[in-house]
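Undergrad: sequence unknown, structure follows:
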């Protein structure tokens, strides 16, 4: 029986496991099927502190995560703007609370 490989889509939130960057989290920017790697935009370091870092990482070290706070949602909104993806931007902004903390 073959193992079905789970492939993450652009914009999905993930966290890194079982390597030197374990505990970091961010979202998928791109997938390279030849190298079996993901380009991630990291938004939290392994200690939970905010960071902004682009990183390629082997797909074996990437695990699905969930949005945990508004900062992460705002980071995805920024990415939707960068990608000029109006539909995704509208979906994400609909998840914002009525009053923003800034």
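TA: Received the coordinates, thanks. Only a predicted model underlies this, so the values are computations on that prediction, with no experimental measurement involved.
Undergrad: For beta bridges, what are the partners of the most centrally placed residue in the chain?
TA: Centroid-nearest residue in the chain: residue 27, 0.9 Å away (criterion: C-alpha atoms, centre = their mean). For residue 27, the beta-bridge partners are residue 13, residue 41 (DSSP bridges).
Undergrad: buried sites along the lowest-mean-pLDDT helix or strand in the chain?
TA: Using mean pLDDT, DSSP states H and E, helix 70-82 stands out as the lowest-scoring helix or strand of the chain, at a mean of 80. Using 16 or more other C-beta atoms under 10 Å as the test for burial, helix 70-82 gives 72, 73, 74, 75, 76, 77, 79, 80. In this view, the C-beta of every residue, glycine as well, is placed from N, C-alpha and C.
Undergrad: Strands along this structure, start to end?
TA: Using DSSP state E, the strands of the chain run over residues 13-16, 25-32, 37-44, 50-58, 62-64.
Undergrad: want to throw those strands into a markdown table with distance to residue 87 and mean pLDDT?
TA: Below are the strands of the chain laid out as a markdown table (distance: least, C-beta to C-beta, whole Å; pLDDT from 0 to 100):
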| stretch | distance to residue 87 | mean pLDDT |
| --- | --- | --- |
| strand 13-16 | 18 | 90 |
| strand 25-32 | 17 | 91 |
| strand 37-44 | 20 | 91 |
| strand 50-58 | 24 | 90 |
| strand 62-64 | 22 | 91 |
